[in-house]
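**Q** Structural data only, the sequence is not supplied:
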DNA sequence: GCCGTTTTCGGCCCGACTGTTTTCAGTCG
């Protein structure tokens, strides 16, 4: 049972308690625990195994009560309290909460009045017009719930960061052209989350109405969802929802802070404000009725006695405590990246040539790049035969003699075969500058087998980077089963760095894995895995994810100058 | 159910909107 499964159970308990009408603070304790546990950097089952119930209660938000429930879960595979709740209330009611406009109160009401047990039942009742006659309900409620059901059925998933950011940037450019003074995107996009629900944009403008008018009449707008005096929502032709809020300059910082979130971070900030006898809202920090900070985010944090906290850290994962203790990390920045160590050419499944990659990398002021085409057995990607790879080594040796200011390293993305051996022999691998080991086959292996497979490859001493460690493709393919905590520990021990693939489809290591890697002393390598020249630009997404994982440049091998990098690769 | 440099009891985040109401509960972000 992994952490996110555990978090899910806690959330379901919390939601069932909500429907049941339990005490709100008890509910919050479960929901908060769900959030904390599902993103906890260490494996909870292992933590319990090693440190027992004490290990669990050390986690903030987990007291004796919840720790005992977790203990029961680890020992019996289930929690009696949860099982009892499910007997009391049908589990299907949880589905209803995901419908816009239906919360716990309505879910319970529908269950008691009409015997509705799940989404299907609700849909049937709405369509039969049974809701509007209930007390407190009306035509409008029924209409909204039907819309909510249809919206949910479309299964609109969160878009990838790499799809949202360019749209947000384009909207901001257009808003500025239309007269907006300041314009920034907020929300999970600003925090650099791997997927984003919608795009939030905040602007300051002399005439609010003008900004709203411009926003709702852009070429890319397919539908205007809402349009008022200070805010508007649109749907773009790509099906992306974007919300605009127009503000006056003196409240911009507080609003930016509020709309950047996360919700958890905001709640913690407000709790801190209360402790200090202050009040925080989207309009500013208040002492009594007097507003003492609101113009900039820095000002808001300062008023709360905190240094500025970078958006990527604002997830309620210990950043406020770190800020209070002066222990915030100095996050890695795009400018710290000195090279890209994972790229493909037309020799395997890429599209460009080495020369084109070199020239693109020079424009980015990189000190080095690594060419890493696929290995022989990966036929679908036209992997290089040993002979071709030898030829490639010589080609790059010759090339380096004529290059100034940049060094091309000859690597390979070598398949880790199902038994954990590598796809080229040791002799050939030794002639490379380095090898990335990646899993491209037999994704369906059992967790312990996959973990062993990868760790065996680490122990060969022939790979320096473990490529896209979980194999996931966002919105397309689940990660394969692998014990990342064991893998991270092994990587730290064997001197293998873990790749953070900057491809917007991958972004794994995840932010949470990055943090665990940092804690355990494993190095990370942020690569684009480019298959085309333009993909070198994806590096920024990798850096955002690394920042979410609290990484500093010292944790990232491609922030090293060439000499230091070569030392790492030679170990 | 959690938590404590004002508390081991008594607190626990803030504001807006909506639809249904004559003063507010429920939902959302």
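**A** Arrived safely. Values in this document were obtained by computation on a predicted structure and should not be read as measured data. Numbers count the residues shown, from 1 in each chain, chains lettered A, B, ... in the order given.

**Q** For the stretch 201-350 of chain A, just list every one of the strands.
**A** Using DSSP state E, counting those that start in this stretch, the strands assigned to the stretch 201-350 of chain A run over residues A:221-227, A:231-236, A:241-247, A:279-281, A:284-287, A:290-293, A:339-343.

**Q** Dump these to TSV, plus mean neighbour count, distance to residue A:320 and mean pLDDT.
**A** Where C-beta positions appear, they are placed from N, C-alpha and C, glycine not excepted. Shown next, in TSV, are the strands of the stretch 201-350 of chain A (neighbours: other Cβ atoms under 10 Å; distance: least, Cβ to Cβ, whole Å; pLDDT from 0 to 100):
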stretch	mean neighbour count	distance to residue A:320	mean pLDDT
strand A:221-227	13	33	79
strand A:231-236	19	29	82
strand A:241-247	21	25	88
strand A:279-281	18	12	91
strand A:284-287	20	15	92
strand A:290-293	16	16	92
strand A:339-343	27	34	97
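
**Q** Compute the first-to-last residue distance for stretch A:201-219.
**A** 17 Å (Cα to Cα, to the nearest Å).

**Q** need the contact list for the nearest residue to residue A:162 once chain neighbours are set aside.
**A** Spatial nearest neighbour of residue A:162, excluding adjacent residues (Cβ to Cβ, 6 or more residues apart in numbering): residue A:504 at 2.4 Å. Residues in contact with residue A:504 (Cβ atoms under 8 Å, 6 or more residues apart in numbering) are A:160-163, A:474, A:538, A:541.

**Q** so is residue A:504 in a helix, a strand, or just coil?
**A** coil (DSSP: H, G, I helix; E, B strand; the rest coil).

**Q** For the contacts of residue A:504, pick the one with the most neighbours.
**A** residue A:541 (25 neighbours; other Cβ atoms under 10 Å).

**Q** From DNA strand B, how far off is it?
**A** Between residue A:541 and DNA strand B the computed distance is 23 Å (Cβ to the nearest atom of the strand, to the nearest Å).

**Q** Do I have it right that that residue meets residue A:161?
**A** Yes. If you go by Cβ atoms under 8 Å, residue A:541 and residue A:161 touch, sitting 5.7 Å apart.

**Q** Common neighbours of the two, please.
**A** Taking Cβ under 8 Å, 6+ apart as the criterion, residue A:541 and residue A:161 both touch A:192, A:504, A:507.

**Q** so the first one touches residue A:161, yeah?
**A** Yes. Checked against Cβ under 8 Å, the pair residue A:192 and residue A:161 is within contact range at 6.8 Å.

**Q** Residues that sit against both of those two, list them.
**A** With Cβ under 8 Å, 6+ apart, residue A:192 and residue A:161 have common neighbours A:541, A:544.

**Q** if we can go back for a sec, next one: the residue nearest to residue A:162 from residue A:535, what distance?
**A** Residue A:504 sits 9 Å away from residue A:535, going by Cβ to Cβ, to the nearest Å.

**Q** ok, back up a step: nearest to DNA strand B, out of the shared contacts of residue A:541 and residue A:161: which one, please.
**A** residue A:192 (17.4 Å; Cβ to the nearest atom of the strand).

**Q** That closest one: what secondary structure?
**A** At residue A:192 the chain is in coil, as set by three-state DSSP.

**Q** Phi first, then psi, for it.
**A** phi 70, psi 30 (degrees, to the nearest 10).

**Q** Repeat that for residue A:356.
**A** phi -70, psi -40.

**Q** Same question for residue A:409.
**A** Per degrees, to the nearest 10, the backbone of residue A:409 is at phi -100, psi 140.

**Q** and it, what is it in contact with?
**A** With Cβ under 8 Å, 6+ apart, residue A:409 has these contacts: A:341, A:368-371, A:396, A:433-434, A:569.

**Q** try 6 Å
**A** A:370, A:433 (Cβ atoms under 6 Å, 6 or more residues apart in numbering).

**Q** now residue A:543
**A** By Cβ under 6 Å, 6+ apart, residue A:543 lies in contact with residue A:334.

**Q** Next secondary structure element downstream of whichever strand or helix holds residue A:512?
**A** Taking DSSP states H and E as the criterion, residue A:512 maps to helix A:511-520. Next helix or strand after helix A:511-520 toward the C-terminus (DSSP H and E): strand A:524-527.

**Q** gap between that following strand and the chain center?
**A** Its chain's C-alpha centre and that of strand A:524-527 lie 16 Å apart, by Cα atoms, centre = their mean, to the nearest Å.

**Q** repeat for stretch A:59-76
**A** On Cα atoms, centre = their mean, the centre of stretch A:59-76 falls 26 Å from the chain's centre.

**Q** Report whether that stretch contacts DNA strand B.
**A** Yes. In terms of Cβ under 7 Å from any atom of the strand, part of stretch A:59-76 sits within range of DNA strand B, namely A:60-67.

**Q** okay if I get those as TSV plus pLDDT?
**A** What follows is the residues of stretch A:59-76 next to DNA strand B, written out as TSV (pLDDT from 0 to 100):
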residue	pLDDT
A:60	88
A:61	90
A:62	93
A:63	92
A:64	92
A:65	93
A:66	95
A:67	95
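
**Q** Many thanks, have a good one.
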